[in-house]
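Trainee: What follows is a predicted protein model with its sequence.
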Amino acid sequence: MKNLQITIWNITFDNPIFNASWPACTSLEELETLWESSSSAIMMKSCSLESRDGNPEPRYRDVPLWSINSMWLPNLWYKKYIEFSHILKQKYNKPIIASVVWFTPEDFRIITKAFQETSSVDMIEVNLSCPNVVWKPQIAYDFETADKIISMVESLWDKPLWIKLPPYFDPSHTDSMSEVIKKHPQVKFITCINSVWNTLIIDPEKEEPLIKPKWWFWWLWWDYIKPVALANVRAFYKNLWDKVTIIWVGGISTWIDVFEFLLAWASLVQIWTVFVKEWIDSFSRIKKEFIDYTEQKQKKSYDEIIWKLKEL
Ligand SMILES: Cc1cc2nc3c(=O)[nH]c(=O)nc-3n(C[C@H](O)[C@H](O)[C@H](O)COP(=O)(O)O)c2cc1C
């Protein structure tokens, strides 16, 4: 399968793999580096109403099977990303996606309105899965608030809506979130999953936590979270297969991860930790491996892969 191009809701992706929102898509220079890579889109760092420095260092560590952080959303403020969107749109022809986060619903109203009225982005990913207010549930764990926020965004944004969800650990919760999404016809993309939040790792030698905690509980990523991501993709596919496109993020390092997730109901995938480890070569490596494997399996199109997981 040499042609990996995929068009969803009128947006064309050169291949199914692009970057997740994370620190190295914060500056214009970093975003331009993504253009030079095989990433099929340029996803920007989650932006807030005001610029943020985030937590003090050390706030990130990765080892072979996981990465952990307590970054606390460092970003330039949202107006910078609106400015970048014009520069990127003029120079490059990849889809540009903004990631939006907020600390009060009012922040979010202002940011969405500004992106709608003054930006050149193709899409916004609404990050409902960051612990915005410490010791309060993430928005996506509070179904009533999530419903209200999505309604507000729908009233301000005239393109398909994209929301990023946290992992759910109880099937009743994926069902409740699915019911919320069904009420909002504009929601056409969901990203599963953001971090597994509320984790702690100790360095036994030093008898101290591995990174600097602010509230002691951090976000965990990569291989450790892949089975959780798969199950969440599966649950949302079961409930929403005729309504949304599912983007999988969490634990991708090789073509086999991409293949599994396309089989298991995702249509696009985002990568992060592997990008940090290999930099932009990660996109071209995974893409090449995926092409080689589909050729070897004589798969001619996505129709022969996506959603084709067999039942036992
Ligand atoms: C240091 C770090 C910062 C991140 N910042 C954001 C962010 O600002 N917005 C967001 O939606 N996700 C953020 N994420 C989550 C990633 O987008 C992604 O969901 C996660 O890393 C899972 O992918 P992976 O297993 O390939 O790393 C961040 C992840 C890490 C490790």
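Mentor: Ah, there it is. Residues are numbered from 1 along each chain as shown.

Trainee: ok now do residue 227, which residues does it touch?
Mentor: When contacts are counted by CB atoms under 8 Å, 6 or more residues apart in numbering, residue 227 touches no other residue. C-beta coordinates here come from the backbone N, C-alpha and C atoms, glycine included.

Trainee: separation between it and the ligand?
Mentor: 12 Å (CB to the nearest ligand atom, to the nearest Å).

Trainee: what does residue 261 give?
Mentor: Using CB to the nearest ligand atom, one gets 11 Å for the distance from residue 261 to the ligand.

Trainee: Helices of this structure, residue ranges please.
Mentor: 28-36, 78-91, 105-118, 143-156, 171-182, 226-240, 255-263, 273-278, 281-296 (DSSP state H).

Trainee: Nearest residue to residue 257 in space, ignoring adjacent ones along the chain?
Mentor: residue 251 (6.5 Å; CB to CB, 6 or more residues apart in numbering).

Trainee: With residue 8 instead?
Mentor: residue 245 (5.0 Å).

Trainee: The one you found bridge partners, please.
Mentor: residue 189 (DSSP bridges).

Trainee: wait, it sits on residue 188?
Mentor: Yes. With contact defined as CB atoms under 8 Å, residue 245 counts as touching residue 188 (6.3 Å).

Trainee: Pull up the overlap in contacts between those two.
Mentor: residue 9.

Trainee: Would you single out the least confident of the helices of the chain?
Mentor: The stretch with the lowest mean pLDDT among the helices of the chain is helix 273-278, at a mean of 84.

Trainee: Only the buried residues of it, if you could.
Mentor: Residues of helix 273-278 classed as buried: 273, 274, 275, 276 (neighbour count, 16 or more other CB atoms under 10 Å).

Trainee: Which pLDDT value belongs to residue 301?
Mentor: For residue 301, the model assigns a pLDDT of 90.

Trainee: quick one: contacts for residue 183?
Mentor: Counting by CB under 8 Å, 6+ apart, residue 183 makes contact with residue 147.

Trainee: What parts of the stretch 201-312 of the chain come near the ligand?
Mentor: 221, 222, 249, 250, 251, 252, 271, 272, 273, 274 (CB under 6 Å from any ligand atom).

Trainee: Run through the stretch 1-150 of the chain and note the low-pLDDT ranges.
Mentor: Applying pLDDT under 70 to the stretch 1-150 of the chain flags the ranges 131-135.

Trainee: before we move on, back to that, could I get the residues of the stretch 201-312 of the chain next to the ligand as a markdown table with distance to residue 179?
Mentor: Below are those laid out as a markdown table (distance: CB to CB, whole Å):
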| residue | distance to residue 179 |
| --- | --- |
| 221 | 28 |
| 222 | 30 |
| 249 | 23 |
| 250 | 23 |
| 251 | 27 |
| 252 | 29 |
| 271 | 30 |
| 272 | 29 |
| 273 | 32 |
| 274 | 34 |
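
Trainee: Just give me the closest of those residues to residue 116.
Mentor: Among those, residue 249 lies closest to residue 116 (CB to CB), at 24.6 Å.

Trainee: what's the nearest residue to the closest one if we skip its chain neighbours?
Mentor: Distances taken as CB to CB, 6+ apart place residue 270 nearest to residue 249, at 3.9 Å, with adjacent residues excluded.

Trainee: Check residue 79 too.
Mentor: residue 114 (7.2 Å).

Trainee: any idea how far that neighbour lies from residue 89?
Mentor: Taking CB to CB, to the nearest Å as the measure, residue 114 falls 16 Å from residue 89.

Trainee: cool, residue 247 as well?
Mentor: In terms of CB to CB, residue 247 sits 21 Å off from residue 89.

Trainee: more neighbours, these two?
Mentor: Between residue 247 and residue 89, residue 247 has the larger neighbour count (other CB atoms under 10 Å), namely 23 against 16.

Trainee: from memory that one sits against residue 194, does it?
Mentor: No. Judged on CB under 8 Å, residue 247 makes no contact with residue 194 at a distance of 11.6 Å.

Trainee: one step back: the residue nearest to residue 79 - how many residues pack around it?
Mentor: With other CB under 10 Å as criterion, residue 114 counts 17.

Trainee: Just confirm it contacts residue 81, I think it does.
Mentor: No. Residue 114 is not in contact with residue 81 according to CB under 8 Å; the separation is 9.7 Å.

Trainee: re the thing from before, what about the residue nearest to residue 257, how many residues nearby?
Mentor: The number of residues packed near residue 251 is 25, by other CB under 10 Å.

Trainee: Cool, thanks, talk later.
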